[in-house]
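> just to be clear, the model below is a prediction. Sequence and coordinates:
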Amino acid sequence: QVADGRFYTGIIRDITKRVRTEAVRKQAEEALRESEAKYRQLVESLNEGIWMIDEQAVTTFVNPRMVEMLGYTVEEMLGRHLFSFMDEQGVQIATRNLARRQQGIKEQHDFEFLRKDGARIYASLETSPVTDLDGNYRGAIAGVQDITQRRRAEDALRLLNAELEQRVEARTQELS
C-alpha cells in the first residue's frame, strides 16, 4: 500500500545469477577470440606449408606458405582434389598414403608435387589423420616443407660422384 491508499503488486526477479552467467560467457568468448587469433597468426606465419583435406581428399585449408610453394592462390586450391597437384605416379603413391591415413597411421615421407606453372617441387611431409570425436576418419593434415633445393643439390652430388668414379676407373685402366 502506498500513501494514497492504493495497492500495487509486482514481481521482483533476482538477475544477479544471469548477469554473472553473461559475464562468464563474454569472458569465454573473448578468450576464444584471442586463442583463434594466436592460432591464425602462427599458421599464417610458418615457413612450413599446412594443407588439410577432407575424407574425399578435397582441399579444405591451406596456409599462405603452401600456396606460395605451389604457385596458386588460396581460392584456386580450396575445393580441389589432392590428385590435381600431382602426376600419375604421384596419384598412385598418394592413393596408398591416403589409405594409411584412413587406417589412423601418421608418418613422414617425401613427395613430388606439380606447381601451377608445371615445375616440380620436392617436399617433405609430416602427415596425420584427422578424426571426429568418435574416432571416424574425416580427412588429413600435413605439414609441408619445400626440399627442392636440397634434393637438386643431392642429385648434383650423386652425378659428380658417379662422374668421379668413372674417371677413377678409367685412370686405373690406363695405368694397368
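Happy to help now that I have it. Residues are numbered from 1 along each chain as shown.
> any idea of the mean pLDDT in the lengthiest helix in the chain?
For the chain, the helix reaching the highest residue count under DSSP state H is reported as helix 16-45. The predicted model assigns helix 16-45 a mean pLDDT of 75.
> helix, strand or coil for residue 104?
coil (DSSP: H, G, I helix; E, B strand; the rest coil).
> how long is stretch 65-74 end to end?
Using Cα to Cα, to the nearest Å, the span of stretch 65-74 from its first residue to its last is 10 Å.
> who touches it?
Contact with stretch 65-74 is made by 46-51, 62, 64, 76-77, 85, 113, 115-117, 119, 121, 123, 144, 146, as judged by Cβ atoms under 8 Å, 6 or more residues apart in numbering. Placement of C-beta: from N, CA and C, glycine included.
> out of the residues you listed, which end up buried?
Neighbour counting with 16 or more other Cβ atoms under 10 Å marks 48-51, 62, 77, 85, 113, 121, 123, 144, 146 as buried within the contacts of stretch 65-74.
> any idea which of the residues you listed is closest to residue 104?
Distance to residue 104 across the buried ones among the contacts of stretch 65-74 (Cβ to Cβ) is lowest for residue 51, with 18.8 Å.
> what's the first helix or strand after the strand or helix carrying that closest one?
Using DSSP states H and E, residue 51 falls within strand 49-54. Following strand 49-54 in sequence order, the next helix or strand is strand 59-62 (DSSP H and E).
> let me see the mean pLDDT of that following strand.
Mean predicted confidence for strand 59-62 is 97.
> and the angle for the strand holding residue 51 with helix 16-45?
120 degrees (axes from the mean of the first three to the mean of the last three Cα atoms, to 10 degrees).
> can you list the strands that strand 49-54 pairs with?
Applying DSSP bridges, strand 49-54 is found paired with strand 59-62 (antiparallel), strand 137-146 (antiparallel).
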